[in-house]
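Q: structure for the following, please:
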Amino acid sequence: RRQARRCRRLSPEAADSVGDADGGTRTLRAMALALLGIGLPDAARHNFRGCAEVAELRHWTSDCASLAEHASALGRDADAVRSAVKAEAWAQVEALVARTAAAHAAWWPAFRLSLR
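A: You can find the predicted model right below:
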């Protein structure tokens with residue numbers, strides 16, 4: 001996100017010189033995926049948004065904006081599971097986990113592996 005903020009303050013010509021050849025989008029996206037992988041969806045969402053902002057400023061196509069939305073949804077679903085676990089509502093936990101796995105499997109291919 002810092003690169004996106006820097007790009008926004010710079011002229012379009014100067015923004016082209018910020019970061020590496022891809023403007024840092026690959027780095028921000030990879031970092032977001034890593035953060036998501038260790039269970040930090042909010043931090044991942046910020047990196048995905050930064051990636052989307054840099055791509056938008058450079059008029060590039062990117063899946064980062066939709067990944068940010070899906071990371072937020074995953075975080076909300078994980079919070080719902082956590083709340084059900086705290087309430088010891090085990091039938092609800094089972095249903096929420098199954099729904100969460102089904103809903104997010106398409107966006108996060110290795111997600112099911114984390115449930116083993």
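Q: touching, residue 104 and residue 74? I think so.
A: Yes - the pair residue 104 and residue 74 qualifies as a contact (C-beta atoms under 8 Å) at a distance of 5.4 Å. C-betas here are computed from N, CA, C, even on glycine.
Q: higher neighbour count, these two?
A: Here residue 104 and residue 74 are set side by side on neighbour count (other C-beta atoms under 10 Å), and the busier one is residue 74, at 21 against 18.
Q: in the one helix or strand the more buried one maps to, what's buried?
A: Taking DSSP states H and E as the criterion, residue 74 maps to helix 64-86. Residues 64, 67-68, 70-75, 77-78, 80-81, 84 are the ones in helix 64-86 that count as buried (16 or more other C-beta atoms under 10 Å).
Q: want to try a markdown table for these, with distance to residue 92 and pLDDT as columns?
A: As requested, those are exported to a markdown table (distance: C-beta to C-beta, whole Å; pLDDT from 0 to 100):
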| residue | distance to residue 92 | pLDDT |
| --- | --- | --- |
| 64 | 33 | 94 |
| 67 | 28 | 93 |
| 68 | 28 | 94 |
| 70 | 23 | 92 |
| 71 | 23 | 92 |
| 72 | 22 | 93 |
| 73 | 18 | 94 |
| 74 | 18 | 91 |
| 75 | 18 | 92 |
| 77 | 13 | 94 |
| 78 | 14 | 91 |
| 80 | 9 | 96 |
| 81 | 9 | 95 |
| 84 | 4 | 97 |
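Q: so where's this structure shaky on pLDDT?
A: Along the chain, the model assigns pLDDT under 70 to residues 1-23, 111-116.
Q: quick one: the helices in it, in order.
A: According to DSSP state H, the chain carries its helices in the segments 2-9, 12-15, 25-37, 41-57, 64-86, 90-104.
Q: so which of the ones you listed is nearest residue 110?
A: Residue 110 sits nearest to helix 25-37 of all the helices of the chain, at 7.9 Å, using C-beta to C-beta.
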